[in-house]
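>>> below: sequence and its predicted model.
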Amino acid sequence: MAKFLIVHQVGKELTLEATKPIAKAVKANHSVDAYWIRSWYVREEGKLYCEWDAKDAESIRRVIDKAAPDFPTEGIYKLDDEFMINSESFR
């Protein structure tokens with residue numbers, strides 16, 4: 001499985017309460033090929049950044065399209081597993 005970062009343009013007024021039905025739907029539609037890990041909201045940018053483990057970007061797209069077809073997705077980016085920098089390596 002590879003790591004992916006998904007960017008959603010959601011606006012600056014997003015509330016935690018508004019994300020709950022979407023999060024539940026995404027969680028209910030996980031597959032062995034795509035699994036949502038966690039998300040971070042950057043209010044100043046109006047963007048939600050979501051970490052996924054997945055076989056490929058298309059597997060993530062299928063889950064999102066089924067669970068939340070109207071949820072805006074700006075991009076799905078595969079993270080380079082050979083270029084991950086961990087701060088613990090520099091202690």
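Alright, I've got the coordinates. Numbering: from 1, shown residues only.
>>> mind checking pLDDT for S89?
What the model reports as pLDDT for S89 is 79.
>>> any idea how many residues pack against it?
7 (other C-beta atoms under 10 Å). For glycine as for every other residue, the C-beta is placed from the backbone atoms N, C-alpha and C.
>>> the chain: strands as residue ranges?
Ranges of strands within the chain are 2-9, 34-42, 47-54, 75-78, based on DSSP state E.
>>> pick the most deeply packed of these.
strand 47-54 (a mean of 20; mean count of other C-beta atoms under 10 Å).
>>> in its sheet, what does that one sit against?
According to DSSP bridges, strand 47-54 forms sheet pairs with strand 2-9 (antiparallel), strand 34-42 (antiparallel).
>>> now the residue nearest to the spatial centre of the chain: how far from V42?
The centroid of the chain falls nearest to C50 when counting by C-alpha atoms, centre = their mean (2.5 Å). Distance, C50 to V42, by C-beta to C-beta, to the nearest Å: 12 Å.
>>> what's the answer for A54, then?
In terms of C-beta to C-beta, A54 sits 22 Å off from V42.
>>> for G75, which non-adjacent residue is spatially closest?
V7 (4.9 Å; C-beta to C-beta, 6 or more residues apart in numbering).
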